[in-house]
Every structure is written in C-alpha cells, then in structure tokens.
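Engineer: Here's my sequence, what's the structure:
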Amino acid sequence: MTENDGSREAGTVPLPDPARLAKWYARHAPGDLGPELTVEPVTGGRSNLNFAIFDGRTVRILRRPPLGHVQATAHDMRREFVVMRALAHTDVPVPETMAYCDDPEVIGAPFYVMERVAGTPFRTAEQLKAEGPAATTRICEVMIDTLVRLHAVDPRTIGLAEFGRPQGFVRRQVERWGRQMAGSLRRPIEGADELLHALGARAGTVADVSLDDGTAAIVHGDYRLDNLLTSDGRVTAILDWEMATLGDPLTDLALLVVYSSLTEIFDVPELGDASRSPGYLGPEATIARYADQSRRPVEDLSFHLALAHYKLAVICEGIHRRYTEGKTPGGAFGTVGQAVQPLVAAGLAALGTP
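Structural biologist: Sure, this is the predicted structure:
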C-alpha cells in the first residue's frame, strides 16, 4: 500500500492516513475526536491489525483485517461491530463501538473504531507469574464465568435472532474449516484429511442446538485469555469477535480447553504459554467450573475437542501462510506453522482415532 492508497509504512504495518481518517470519522462520529489525529500501530494481535488513534485528548482503537491472504468468510469487521454493539446492552463486557466503515477508499480495507478499554490481555506465564497463583486462578475463574454469561444471553432479546443459524451448526463448522484449510494449505499435513473426514462422519451424531430450548447461544468463536482484557480480578472487555455467530456453545468451551493444554501439544511462543503459570486452571477444572456455572451438560466433549484442535490448526496454517508471504507485522509468527501437524494429531486422538 502506498501513500496514494491512504497509508504509510511503519515496518510492515501500513498506517491509515490521519487526515483522510479524520475527515471520515468526523462525519460518522461527530464530536468524538478532534480534526488532528495521530495514528500508531498496537502490537500483540495475531492476524487482524489494531491502531490507536489519538487527538491529544482521547484515544480510540481502529481495527482492520490482516494483510495478504484472507479467506472470504474470515476477518469480518462488520460482524465484530454488530455483535459488540448488540452486547453493549447486556452484562457481557465489550468495548463501546463508535463507527464502522466498509469503504475501501478510506484506509484500503473495512474497519471499525471502538473505545480503548483498560485491562491486560494475559498471554504468557511470565505475565501471570507477577500476579501470583491465587490471582491466576481467579483470572481463570472469571474468564470461565464471563463465557457462561455470554452463553446465557438470549440473542433474540438484543436484536441478534438472525445473527446465525443454530440448526446444523456443527456440520457447517466442519465444512467451513475444511474449506479454510484447503484455501490456506500449500504443503502436506499428515492426518489433516483423515481428521476432517472423521469430523464429518461424527458431526451427524452431535445433538442439534436451538434458541427455543436454550441449547444454542451466541458463540464467540475464539474465546481465550488473551482475547480478554482483565483488571482487578474482573474481565473488562472481550475482544476479537470476528468469528462470532449463533450455535453450539460447547464449541467455545472446547476451544478454551484446547488453549489451556496447548503447551502440552506443541510449544508455540507466538500463541503464548499462559497455561504454564502456577494456579492456571487445567482442562478438567475448566470443564467442571463451566458445567457448574452454566448447568449445561458437558459429559462428552470428544467431538467438540477434536473440532477445536482442527480449527486451531487451520488458524495456525492461515497465519503460517501469511508469514511465508511476508504479511505478518514485524515478521513475527515464524514457528506457528510447526504447531499445525501436532494439533491435527491431537484432534485425531480426541476422537480416539490412532
């Protein structure tokens, strides 16, 4: 992207042009920020790009899709904006959203602007070590309890009745992530086809979910500790809603469980090692607390865990492809691709497939 495209380079991250952004923002959020803006990249994201925009008085966060290869149904900025705006009227903590833009002439990609929320996105054991084991346990507990609160929201009461199609959700998830893998993969991954076939065969045995009986819920899609901001023992905001939809809430739980045991599968520095911290709740404790707080049956998560492993493998493969294309900020994520095959193997193991 060049100066004429409305951005300038900071390393490998294209910065939105402040003057063009300020002109657009003044029309869509009049009075929120002044006419002179400073734009700086916010580090820490794995794919989508975040920027701080500052007028000398107030800071807002601008969020846009990643550079390079992007799947057609991935990194949906409008989806994030819609669900956070709806959840603002509930007890689920989300940032206030200011404005959404789908005009590529402004910064070269769809984006939205939201408030900056105070809190820490814990990713590493070193960060949590400073908190101590008791505080780490408490952080895990509020992480789980906040997920339960999300899943307790009736989407029909906040204007999200059409946000997704719960019926047939897990079958479509298998199909979707299979397409995503096919769209990202440029190398052989042992067991990937086998796992996808096994998931497809098992999907029909998983009970369908429905809004009418409360088995369906708003699903975040990538719920994990470093997608939360926490402060003083509470979650101040849930971030990264690009994969949110209506569906089976146990898919969120299963992915959270996989993240809690990720370092036992493969140690990927870029994905964080928070689960190594003393006091961090492991898979069994995570499942038990969710079951107790939500009152949802979670007796057999084998399919959901296998799907979660496959989904994370696909996400890692997409990041790996952008890395090989030089499209990750600062050239980060060099070892993410090495996690894909172990994640596939763990998915097969979760289904009891040798």
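
Engineer: Doesn't L62 lie inside a strand?
Structural biologist: Yes. Assessed with DSSP: H, G, I helix; E, B strand; the rest coil, L62 lies in a strand.

Engineer: for it, what are its contacts?
Structural biologist: Shown in contact with L62 (CB atoms under 8 Å, 6 or more residues apart in numbering): 16, 21, 39, 50-53, 107, 111-113. The C-beta positions use only the backbone N, C-alpha and C, and glycine is treated the same way.

Engineer: tell me which of the residues you listed is nearest to A244?
Structural biologist: Lowest distance from A244 to those (CB to CB) belongs to Y112, with 13.6 Å.

Engineer: from what I can see that closest one touches R79, true?
Structural biologist: No. Between Y112 and R79 there is no contact, the gap being 10.2 Å when judged by CB atoms under 8 Å.

Engineer: Same drill for the two, tell me which one is more crowded.
Structural biologist: Neighbours were counted for Y112 and for R79 using other CB atoms under 10 Å; Y112 has more, 21 against 18.

Engineer: which residues sit in contact with that one?
Structural biologist: Counting by CB under 8 Å, 6+ apart, Y112 has contacts 62-63, 77-78, 80-81, 97-101.

Engineer: Find the helix or strand that L15 is a member of.
Structural biologist: Taking DSSP states H and E as the definition, L15 sits inside strand 13-16.

Engineer: chain center to that strand, what's the gap?
Structural biologist: Centre-to-centre, strand 13-16 and its host chain are 22 Å apart (CA atoms, centre = their mean, to the nearest Å).

Engineer: Show me what that strand is packed against.
Structural biologist: With contacts defined as 3 or more CB pairs under 8 Å, 6 or more residues apart in numbering; DSSP states H and E, strand 13-16 has these neighbours: strand 7-10, strand 38-42, strand 49-54.

Engineer: Could you look over these and pick the most buried one?
Structural biologist: Mean neighbour count (mean count of other CB atoms under 10 Å) peaks for strand 49-54 among the helices and strands packed on strand 13-16, with a mean of 20.

Engineer: separation between the residue lying closest to S231 once chain neighbours are set aside and A345?
Structural biologist: Leaving aside its chain neighbours, S231 sits nearest to G119 (4.3 Å; criterion: CB to CB, 6 or more residues apart in numbering). Using CB to CB, to the nearest Å, we find G119 at a distance of 35 Å from A345.

Engineer: What of L160?
Structural biologist: Following CB to CB, the distance that separates L160 from A345 is 36 Å.

Engineer: Please apply the same query to I287.
Structural biologist: Separation of I287 from A345 (CB to CB) stands at 22 Å.

Engineer: try R171
Structural biologist: Noted for R171: a distance of 23 Å to A345, by CB to CB.

Engineer: Who has more neighbours out of the two?
Structural biologist: Taking other CB under 10 Å, R171 and A345 do not tie; A345 has more neighbours (20 against 16).

Engineer: Looking at the contacts of Y112, which are in helices?
Structural biologist: In this view, the contacts of Y112 that belong to helices under DSSP state H are 77-78, 80-81.

Engineer: Kindly list the longest helix within this structure.
Structural biologist: The chain, longest helix under DSSP H: helix 302-324.
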